[in-house]
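Asks: with the sequence up front, the predicted model follows.
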Amino acid sequence: MLGGIDPKLIASQMKKMGIKTETLDAKEVIIRGSKTIVIKNPQVTVVDMQGQKTYQIMGRAEEKKEESREDLDLVMEQTGATEDEAREALDGAEGDIAVAILKLKKG
């Protein structure tokens with residue numbers, strides 16, 4: 001019981017109103033915009049109300065700096081690394097170009 005409310009009763013009432021809920025088995029949610037937000041191991045619930053779907057995401061969010069094309073090109077040029085290697089190095093260095101270059105040069 002949730003504070004004296006029966007969850008089965010709530011689910012029954014929601015169903016009568018045409019509201020369906022579903023839990024997704026998600027490993028990661030990524031939101032890209034002016035910044036990138038990554039939520040690992042989230043709890044994702046889809047609420048479908050009269051054909052309109054709403055996604056509720058709960059979990060610990062981390063903000064990631066999005067590497068630019070120029071950052072990738074510079075790291076590749078300075079180290080001879082592939083694009084994937086440069087991207088991985090930048091991710092590991094949290095976007096710090098100098099750290100990524102040093103990391104790749106040290107091997």
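Replies: Received, thanks.
Asks: run the chain-centre distance for the helix or strand of the chain with the lowest mean pLDDT.
Replies: The helix or strand of the chain with the poorest confidence is helix 7-16; it has a mean of 84 (mean pLDDT, DSSP states H and E). Distance of helix 7-16 from its chain centroid, counting by Cα atoms, centre = their mean, to the nearest Å, is 30 Å.
Asks: could you point out the helix or strand that follows that helix?
Replies: Moving toward the C-terminus from helix 7-16, the next helix or strand (DSSP states H and E) is strand 19-24.
Asks: mind listing what that following strand pairs with, with the direction of each?
Replies: Applying DSSP bridges to the sheet, strand 19-24 is found paired with strand 43-49 (antiparallel).
Asks: who does the helix or strand following the partner strand touch, helix- and strand-wise?
Replies: For strand 43-49, the following helix or strand on the C-terminal side (DSSP H and E) is strand 52-58. For strand 52-58, the packing partners by 3 or more Cβ pairs under 8 Å, 6 or more residues apart in numbering; DSSP states H and E come out as strand 43-49. Heads up, the C-betas are built off the backbone N, CA and C, glycines and all.
Asks: alright, that wraps it up for me.
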